[in-house]
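In: Build me a structure from this.
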Amino acid sequence: EFVTSTSSDEGPDFGKALNTYKTNMKEDLLALWKIWVPATMANFAFMPMWARIPCVAATSALWTCILSSMRGGDVVHSDEMIGGSVRGSTMKLMKEGLNEVFTSSVSVDL
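Out: Residues are numbered from 1 along each chain as shown. All right, here's what the predicted structure looks like:
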């Protein structure tokens, strides 16, 4: 669920979104601190300057996966999700679209 629920016809339900935020806040913040505090400490203590941004990017990708698994939609209720679930047909369309974008081959002159 995003910041507001878009499932109703009347528009976003800010009250429901706020209640969901209050319900999940403690668990979400504890998970955030378990990932970001050690990652930030390790980043500034041990990473060379050139590796700090990739370290933060990798931590961010990991955090996004964790948060998605904690709060993302489940397969059972995928019909209720905005946009539905990703299926094989969706991946086929994406692959066809990428093939149209990258039609020319790339050659490297050495």
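In: switch to C-alpha atoms for all contacts and neighbour counts from now on
Out: Noted.
In: burial count for Pro54?
Out: 12 (other C-alpha atoms under 10 Å).
In: which element is it on?
Out: Counting by DSSP states H and E, the element that carries Pro54 is helix 52-71.
In: which residues of the protein fall in helices?
Out: With DSSP state H as the definition, the chain shows helices at residue ranges 14-46, 52-71, 88-101.
In: Using TSV, lay out those helices together with mean pLDDT.
Out: Listed next are the helices of the chain as TSV, based on pLDDT from 0 to 100:
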stretch	mean pLDDT
helix 14-46	90
helix 52-71	90
helix 88-101	64
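In: Any buried residues in the helix holding Pro54, and which?
Out: Across helix 52-71, burial judged by 16 or more other C-alpha atoms under 10 Å covers 52, 55, 59, 63, 66.
In: How about stretch 14-21?
Out: For stretch 14-21, a neighbour-count test (16+ other C-alpha under 10 Å) marks Ala17 as buried.
In: picking up where we left off before, any idea which of the buried residues of helix 52-71 is closest to Trp33?
Out: Trp63 (10.4 Å; C-alpha to C-alpha).
In: Which residues are in contact with that closest one?
Out: With contacts defined as C-alpha atoms under 8 Å, 6 or more residues apart in numbering, Trp63 is in contact with 32, 35.
In: and with 10 Å instead?
Out: When contacts are counted by C-alpha atoms under 10 Å, 6 or more residues apart in numbering, Trp63 touches 31-32, 35-36, 57, 69.
In: From Cys55, how far out is it?
Out: To Cys55, Trp63 is 12 Å away according to C-alpha to C-alpha, to the nearest Å.
In: Mind listing residues that contact stretch 28-41?
Out: Residues from elsewhere that reach stretch 28-41 (C-alpha under 10 Å, 6+ apart): 21, 25-26, 42-43, 45-47, 52, 55-56, 58-60, 62-63, 66-67, 70-71.
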